[in-house]
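Trainee: show me the folded form of this:
(4 chains)
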2 protein chains.
Amino acid sequence: MAAVNLKQLAKMLNLSISTVSKALRDSHEIGDATKLRVLAKAKEMDYTPNPFASGLRRNKSKTIAVVVPEVANNYFALAINGIERIAQENDYHVLIYLTHEDIEKEKGIMKHLENKRVDGVLMSVTMNTNNQTHLSDFQQKGIPIVFFDRICHEIETAKVTTDDYISGINATKHLIENECKDIAFLSLGEDISIMQKRKSGYLEELHKNNMEAKTERIIKCGNDDEINYDLVKKLLSGKNKPDGIFASVEKLAITTYQVCRELNINIPKDVKIICFSNLETASLLNPSLSTITQPAYNIGKTAAEVMFKYLDKNKTYIPNENIVLQSTLHIRE
Amino acid sequence: MAAVNLKQLAKMLNLSISTVSKALRDSHEIGDATKLRVLAKAKEMDYTPNPFASGLRRNKSKTIAVVVPEVANNYFALAINGIERIAQENDYHVLIYLTHEDIEKEKGIMKHLENKRVDGVLMSVTMNTNNQTHLSDFQQKGIPIVFFDRICHEIETAKVTTDDYISGINATKHLIENECKDIAFLSLGEDISIMQKRKSGYLEELHKNNMEAKTERIIKCGNDDEINYDLVKKLLSGKNKPDGIFASVEKLAITTYQVCRELNINIPKDVKIICFSNLETASLLNPSLSTITQPAYNIGKTAAEVMFKYLDKNKTYIPNENIVLQSTLHIRE
DNA sequence: ACTATTTACGCAAACGATGTAGTAATATTA
DNA sequence: TAATATTACTACATCGTTTGCGTAAATAGT
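Mentor: This next block holds a predicted model:
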């Protein structure tokens, strides 16, 4: 019932605690016969070391934290999937924290993690994270961070992203090739770098095609779905409406679909939509949705791999490194 | 940089370690003036107790584990959302483990958790979990489990589910009311209780309507999406195909949609579909999908609340309790 | 004024695992 | 054969907190 500990094992075997400990860690100081005896008894007794004791002693938690805005989101869910896979392979545990796009919550979570509860943090910042002192403070405590997707440029560490600028260009190009003359960009927050890159790609492609970039076509959406709904509704109401919409994130595309249905706007005849998305059902939507799909699973996997590369070496300092994975454009509709 | 500990705080304050510790925990043994002094210094120095040390000493991890088959799944993602919310409120941390419907992985994970790393486990078992010795063994170690959705009847503890039997009846009734004469049931695994309940509801409603329940109309799908695809394709190929499909889980409905598209089967004219789902985009599918939507967020939230109700009281034994939340039928198409 | 009680603090022993330093006993070398 | 090295183990301090117990001083009770 109660878990056995080293002391009890040692008593059963008539050995000292340290001998048992060393035998279990396969130390060269212990004879082979003894090792076998210890191993057998440990298995028999179902012994596993107390993680708090060894964590305290070795100052290692065998745990990483994942800090993301949401989990009920295909992108982050897949990324977590990739992270968890690599963590299991490395015999690590994964703590999960959701910020719900709230920077204050993000700060609070990082404060909570400062006390060596985790060996490292994988994170995607909030859409509102425009100040990074809580992150650099955190790094100062000697715990490494690796960013994925929603990165923070100002922090020196490894960052795993996708080619957002190129994807922004490609998405816009796709709309232009389909004869859109007036393309709106639905942005989620303004501060985070992926938004800026996606928007830059959008603006660049408009410029290349001598199309005017009107400020009123850049809609700054936020975390509140109802406000977003109203913003999109306003955009698509009246006669002066765009004929193409580039939604920077999945949920804004869904909102757009809902608005179009309410306003009886035909997709793709009246307005064409493209968005960043990992929606499995994109092709089954009415009509099917063209997407830029990020390799979410691999992003998570890669971020975790980079983290473990340093954790294995006991390095808490991770130098700047930009790892860029390719998104793929899925043309549908 | 390096985190301060009690010893350093004590030295700065010219107090003993125990006084500082007690002051921070607001013990009655310590004078008010001293408490204030300690608190101020602790805040100034940004002190937080080392979780491993206190975990070791108090035999409390302040951590719960969530063990689920998948996270890239709207249902589980929402449930995790609810769990995380309650955990944060209780100042607890959430570890996440994915079984990928693999019972061996589930066993391995439980083994890993036996050593007091967590104070409790919230779980939804694998579709293949037909044997529960690893779960009862786990309970024997004195760590409570609370099941949600995919429960394990044989284990005595609290279980949070939805009214799957009623929902199975309602879903089937809905198809019958829409003039389906030959309804197939797509099951995921056979062993888990929610499947049995949903199927019972299906069978009961067929019976009530004097409709024959043919074994070949109950399709046993599994974890491999390609095999599932072929199974559904076989079901819908040829002339003797059903005119209604009740998919027991979301992904099987998506598979069905995909098959219908390939086979050029018109939904809902040729075949009507209903499924258990938390898909946000269900209403935007082509055509929109009727669903039984489970209150996933609340299920997670409730499961966590039950867990903390016992953890707060330091009770590791949770008596049998069935908490049933209502699913809602969303008629669409 | 003398004992009883309360207040406010310190001492030291846990919690369980790890690793350094030490020690017998045996083996190797000059 | 004496000096040295190796082997196989044990004792003990340590990680940072918590907590039961002890105790001096202050306060209260008679």
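
Trainee: report all helices and strands that the helix or strand hosting A:G168 contacts.
Mentor: Assigned by DSSP states H and E, A:G168 falls within helix A:164-177. Applying 3 or more CB pairs under 8 Å, 6 or more residues apart in numbering or on different chains; DSSP states H and E, we find helix A:164-177 packed against strand A:183-188, helix A:193-208, strand A:244-247, strand A:272-276, strand A:290-293, strand A:328-330. No exception for glycine: its C-beta is placed from N, CA and C like everyone else's.

Trainee: might you list the low-confidence residue ranges for chain A?
Mentor: A:1, A:333 (pLDDT under 70).

Trainee: quick one: the strands in it, in order.
Mentor: Using DSSP state E, the strands of chain A run over A:63-68, A:93-98, A:120-123, A:145-148, A:158-162, A:183-188, A:218-221, A:244-247, A:272-276, A:290-293, A:321-325, A:328-330.

Trainee: quick check: which of these is buried the most?
Mentor: Burial of those is given as mean neighbour count (mean count of other CB atoms under 10 Å in any protein chain shown); strand A:244-247 ranks first at a mean of 28.

Trainee: tell me the strands beside it, with direction?
Mentor: strand A:183-188 (parallel), strand A:272-276 (parallel) (DSSP bridges).

Trainee: and the angle from the first one to helix A:164-177?
Mentor: Going by axes from the mean of the first three to the mean of the last three CA atoms, to 10 degrees, strand A:183-188 is angled at 150 degrees with respect to helix A:164-177.

Trainee: strand A:183-188 to helix A:193-208, inter-axis angle?
Mentor: Using the same axes, to 10 degrees: strand A:183-188 against helix A:193-208 is 170 degrees.

Trainee: returning to what we had before: from the chain's centroid, how far away is the helix holding A:G168?
Mentor: Distance, stretch centre to chain centre, for helix A:164-177: 23 Å (CA atoms, centre = their mean, to the nearest Å).

Trainee: how much space between whichever residue of the stretch 201-333 of chain A sits closest to DNA strand D and DNA strand C?
Mentor: Using CB to the nearest atom of the strand, the single residue of the stretch 201-333 of chain A nearest to DNA strand D is A:T316, 15.4 Å away. In this view, A:T316 and DNA strand C are 17 Å apart by CB to the nearest atom of the strand, to the nearest Å.

Trainee: I'd say that residue and A:G142 touch.
Mentor: Yes: A:T316 lies in contact with A:G142 (CB atoms under 8 Å); the separation is 4.8 Å.

Trainee: out of the helices and strands packed on helix A:164-177, flag the one nearest A:V67.
Mentor: Among the helices and strands packed on helix A:164-177, the nearest to A:V67 by CB to CB is helix A:193-208 (16.2 Å).

Trainee: I'd like the strands of chain A laid out as TSV, including distance to A:N170.
Mentor: TSV is the format used below for these (distance: least, CB to CB, whole Å):
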stretch	distance to A:N170
strand A:63-68	26
strand A:93-98	31
strand A:120-123	27
strand A:145-148	21
strand A:158-162	12
strand A:183-188	13
strand A:218-221	18
strand A:244-247	11
strand A:272-276	9
strand A:290-293	7
strand A:321-325	15
strand A:328-330	5
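
Trainee: residues of chain A that sit close to DNA strand D?
Mentor: For chain A, the contact set with DNA strand D under CB under 7 Å from any atom of the strand comprises A:14-19, A:22, A:29-34, A:53, A:56-57, A:59.

Trainee: what residues does chain A have near DNA strand C?
Mentor: Residues of chain A lying close to DNA strand C by CB under 7 Å from any atom of the strand are A:5-7, A:17-18, A:21-22, A:24-25, A:29, A:47, A:49-50, A:53-54, A:56-58.
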